[in-house]
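1. Starting from these lines, generate the structure:
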Amino acid sequence: MLDIRPNCECCDKDLAYNSTEAMICTYECTFCKTCVDDILNNVCPNCGGGFCPRPIRPKTARRKGLSISHQLPSQKRIVTKYSIQEIKEFSKLSCDIEAKDR
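-> Residues are numbered from 1 along each chain as shown. Next up is the predicted model:
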């Protein structure tokens, strides 16, 4: 089950559990759409993979025990250990390769 992390790891912007701006990689690294497009060039600075929109956990339990109130989002904020310059240099290495081909 996804952690539903509360922030962008690059700019630290709040990303509520139902944010349509939250993007994740296969390892659930979480970034806002603006950082993914403008800084990361759709390259995760941690794994080198691409991003997709983070799913939104339902508000209402349409199946017993399955909703945001039953599986709470994470409150642990994560911030990248890399500088913006390091991120840009890393993304240059593979941003021209389709994420499916990396």
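2. Tell me where the chain has helices.
-> Using DSSP state H, the helices of the chain run over 33-38, 84-92.
3. can those go into JSON lines with extra columns for mean neighbour count?
-> To be clear about C-beta, it is placed using only N, CA and C from the backbone, and glycine gets the same treatment. Listed next are these as JSON lines, based on neighbours: other C-beta atoms under 10 Å:
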{"stretch": "helix 33-38", "mean neighbour count": "17"}
{"stretch": "helix 84-92", "mean neighbour count": "14"}
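4. now the ones you listed as a markdown table including mean pLDDT?
-> Converted to a markdown table, the helices of the chain look like this (pLDDT from 0 to 100):
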| stretch | mean pLDDT |
| --- | --- |
| helix 33-38 | 98 |
| helix 84-92 | 97 |
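5. could I get those as JSON lines with distance to Phe51?
-> Putting the helices of the chain into JSON lines (distance: least, C-beta to C-beta, whole Å) gives the following:
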{"stretch": "helix 33-38", "distance to Phe51": "5"}
{"stretch": "helix 84-92", "distance to Phe51": "11"}
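6. quick one: Thr26 and Phe51 touch, right?
-> No: look at Thr26 against Phe51 with C-beta atoms under 8 Å: they stay out of range, at 9.3 Å.
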